[in-house]
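Peer 1: Provided below are the primary sequence and the corresponding predicted coordinates.
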Amino acid sequence: MKRIKIKELLASPPVGSDVLVKGWVRTRRGNKNIIFIALNDGSTIRNIQIVAETSRFGEDLIRDITTGSCIAVTGRLVESQGQGQDVEIAAAEIVIYGKCDPETYPLQKKGHSMEFLREIAHLRPRTNTFSAVLRMRHAMSFAIHKYFNDKGFYYLHTPIVTGSDAEGAGEMFHVTTFDLANVPLDSNGNPDYSLDFFGKPANLTVSGQLEGELGALALGEIYTFGPTFRAENSNTPRHLAEFWMIEPEMAFYDLNDNMDLAEDFIKYLIRYALDNCSDDLEFLNNMIDKGLYERLRFVVDNEFVRMTYTDAVRILESSGRKWEYPVGWGRDLQAEHERFLVEEHFRKPVILTDYPAEIKAFYMKQNDDGKTVRAMDVLFPGIGEIIGGSQREEDYEKLITRIREMGLPEKDLWWYLETRKFGTAPHSGFGLGLSRLMIFMTGMSNIRDVIPFPRTPKNAEF
């Protein structure tokens with residue numbers, strides 16, 4: 001008999017038919033005559049109840065069916081007599097694939113703290129919370145690819161190992177084959193990278209954007225979706241050292257086109273979740289964040305407000321609020337400022353534009369005022385900035401002047417600069433961190449809990 005997934009079984013239950021299910025025992029209860037097993041196979045948040053008459057099975061087998069054990073069950077699907085489920089399986093045959101010692105298995109039927117579950121990240125996907133988060137993460141990843149594919153974008157694989165720093169922040173992980181106990185030095189006493197694998201300093205990428213721009217200036221519209229890395233010593237609920245980024249880049253898009261795409265894209269993803277992840281969203285709304293549905297609807301049901309950074313600062317300064325971080329023109333906005341604009345002042349998602357050049361990256365298109373650049377940040381309730389992007393500077397002279405002003409290594413960016421010499425074009429793009437999106441989509445409060453195996457300072461376990 002062919003196995004049927006529990007999700008499929010519950011979607012259109014073939015009552016009266018014999019079925020085969022396989023999964024992990026969530027709970028077991030009963031008496032000496034009959035036991036009730038809640039079985040889950042990961043395909044859905046919902047369990048199927050197995051009813052087993054103990055007289056039909058050996059005492060040893062019944063004893064080994066414990067929380068966490070893995071079993072296969074063949075039996076008749078019947079209407080349930082109890083509360084909590086419409087159907088159940090009357091077991092005819094049970095096979096134990098893997099026993100689970102109830103004395104040492106850490107996931108017993110009780111509440112566990114998120115901190116504890118991070119210590120057992122190899123087992124936490126078996127909990128309702130993390131199985132829901134991981135199914136949601138899959139759904140969002142699929143929706144991202146579907147959205148861009150349906151719009152005619154091309155998926156571009158940008159390098160993970162790179163010699164450039166897209167953000168100019170310098171917080172990068174170095175890649176080398178040197179024996180760190182015996183690094184070869186040049187005549188000045190510095191590491192001799194000519195002898196290293198790549199013949200030059202190399203790092204893990206912080207962004208696929210610069211290479212993405214090269215693709216856009218040939219293919220028109222591309223997107224990247226892959227891992228990025230920041231060697232930033234930040235132990236906060238909002239930072240990871242390894243995370244996944246989605247970065248579309250589009251030729252012939254100005255800042256307005258960029259904002260239109262960002263708003264349409266993020267609304268599409270939320271609608272996709274509402275339409276396709278109802279069971280998991282319902283669980284997360286009930287158990288993790290009772291305002292989750294409300295915030296999701298808040299985004300899809302409202303047009304985004306668009307305004308300049310300068311006007312936003314003016315609103316913040318005149319709000320009468322006492323801010324933890326000072327507000328003033330030329331200062332970067334913090335989450336408390338962004339959330340005030342979204343949640344209290346406008347009560348709508350907000351896109352801020354035209355930030356001071358001094359607090360933004362070198363590649364952003366300069367405005368005629370000589371002070372601001374055509375940047376845009378999309379601000380959401382609960383988290384603040386969720387998308388950051390800009391129109392890119394296509395003018396060669398302006399770009400190279402900015403690179404020199406910021407003291408960036410011109411020689412390492414020769415290929416990027418050449419695109420401004422050979423058939424340059426207006427173009428734009430933005431970045432969305434998948435983990436930041438997942439925090440918003442799931443109601444989880446810590447970024448470590450929306451990725452299977454988080455990488456943070458002093459932590460590379462699993």
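Peer 2: Structure's in. What do you need?
Peer 1: State the distance from Leu281 to Leu117.
Peer 2: 20 Å (CB to CB, to the nearest Å). Placement of C-beta: from N, CA and C, glycine included.
Peer 1: er, Asn235 actually
Peer 2: According to CB to CB, Asn235 and Leu117 sit 18 Å apart.
Peer 1: Specify which residue of the two has the higher count of neighbours.
Peer 2: Using other CB atoms under 10 Å, the more surrounded residue of Asn235 and Leu117 is Leu117, with 19 against 10.
Peer 1: can you pull out the strands in the stretch 101-250 of the chain?
Peer 2: 154-155, 161-162, 174-175, 202-204, 221-229, 242-251 (DSSP state E, counting those that start in this stretch).
Peer 1: need the contact list for Leu117.
Peer 2: Neighbouring residues of Leu117 by CB atoms under 8 Å, 6 or more residues apart in numbering: Arg124, Thr127, Thr129, Phe130, Asp449.
Peer 1: which non-adjacent residue is nearest Thr158?
Peer 2: Nearest-residue entry for Thr158: Gly208, 3.3 Å, with adjacent residues in sequence omitted and distances by CB to CB, 6 or more residues apart in numbering.
Peer 1: SS state for Glu93?
Peer 2: Recorded secondary structure, Glu93: strand (DSSP: H, G, I helix; E, B strand; the rest coil).
Peer 1: Would you mind confirming that it is in contact with Leu61?
Peer 2: No - judged on CB atoms under 8 Å, Glu93 makes no contact with Leu61 at a distance of 10.3 Å.
Peer 1: Centre of the chain to stretch 383-399, how far?
Peer 2: 22 Å (CA atoms, centre = their mean, to the nearest Å).
Peer 1: Can you list the low-confidence ranges for the stretch 51-200 of the chain?
Peer 2: Along the stretch 51-200 of the chain, the model assigns pLDDT under 70 to residues 165-170.
Peer 1: Thr442 contacts Ser435, doesn't it?
Peer 2: No - using CB under 8 Å, Thr442 makes no contact with Ser435, being 10.4 Å away.
Peer 1: what about those two, which has more around it?
Peer 2: Using other CB under 10 Å as the criterion, Thr442 and Ser435 rank with Thr442 on top: 26 against 21.
Peer 1: Quick check on the more buried one: phi, psi?
Peer 2: phi -110, psi -20 (degrees, to the nearest 10).
Peer 1: Can you name the residues that contact it?
Peer 2: Applying CB under 8 Å, 6+ apart, we find Thr442 in contact with Ala132, Val133, Met136, Leu284, Ile288, Asp289, Leu292, Val450.
Peer 1: Kindly recompute the last result at 6 Å.
Peer 2: The contact partners of Thr442, by CB atoms under 6 Å, 6 or more residues apart in numbering, come to Val133, Met136, Leu284.
Peer 1: how far away is it from Ala38?
Peer 2: For Thr442, the distance to Ala38 - CB to CB - is 23 Å.
Peer 1: just Glu242 next, same as before
Peer 2: 35 Å.
Peer 1: which of those two has more neighbours?
Peer 2: Between Glu242 and Ala38, counting by other CB under 10 Å, Ala38 is the more crowded of the two (20 against 17).
Peer 1: Now name the helix or strand holding the more buried one.
Peer 2: strand 34-40 (DSSP states H and E).
Peer 1: Report the distance from that strand to the chain centre.
Peer 2: The mean C-alpha position of strand 34-40 is separated from the chain mean by 34 Å, CA atoms, centre = their mean.
Peer 1: Likewise for stretch 71-85?
Peer 2: Offset of stretch 71-85 from its chain centre (CA atoms, centre = their mean): 36 Å.
Peer 1: List the buried residues in it.
Peer 2: Ile71, Val73, Thr74, Gly75, Leu77 (16 or more other CB atoms under 10 Å).
Peer 1: Between the two ends of that stretch, how far is it?
Peer 2: One end of stretch 71-85 to the other measures 20 Å (CA to CA, to the nearest Å).
Peer 1: can you check stretch 324-333 too?
Peer 2: Note: stretch 324-333 ends 11 Å apart using CA to CA.
Peer 1: Over to stretch 349-369?
Peer 2: Across stretch 349-369, the terminal residues are separated by 27 Å (CA to CA).
Peer 1: what's Glu338 in contact with, if anything?
Peer 2: Leu379, Gly384, Glu385.
Peer 1: and if we set it to 8 Å?
Peer 2: Counting by CB under 8 Å, 6+ apart, Glu338 has contacts Val350, Asp377, Leu379, Gly384, Glu385.
Peer 1: among the residues you listed, who's most crowded?
Peer 2: Most neighbours among these, by other CB under 10 Å: Leu379, with 27 neighbours.
Peer 1: Would you double-check that that residue falls in a strand?
Peer 2: Yes - Leu379 forms part of a strand when assessed by three-state DSSP.
Peer 1: what sits opposite Ile71 in the beta ladder?
Peer 2: Gly23, Ile96 (DSSP bridges).
Peer 1: contacting residues around it?
Peer 2: Lys22, Gly23, Trp24, Val25, Ile37, Leu39, Ile65, Ile94, Val95, Ile96, Tyr97.
Peer 1: Out of these, which end up buried?
Peer 2: Applying 16+ other CB under 10 Å to the contacts of Ile71 flags Lys22, Gly23, Trp24, Val25, Ile37, Leu39, Ile65, Ile94, Ile96 as buried.
Peer 1: circling back to that earlier point, which one of the strands of the stretch 101-250 of the chain lies nearest to Leu10?
Peer 2: Taking CB to CB, strand 242-251 is the member of the strands of the stretch 101-250 of the chain nearest to Leu10, at 30.8 Å.
Peer 1: of the contacts of Thr442, closest to Phe346?
Peer 2: Distances from Phe346 to these, taken by CB to CB, are shortest for Leu284, at 26.2 Å.
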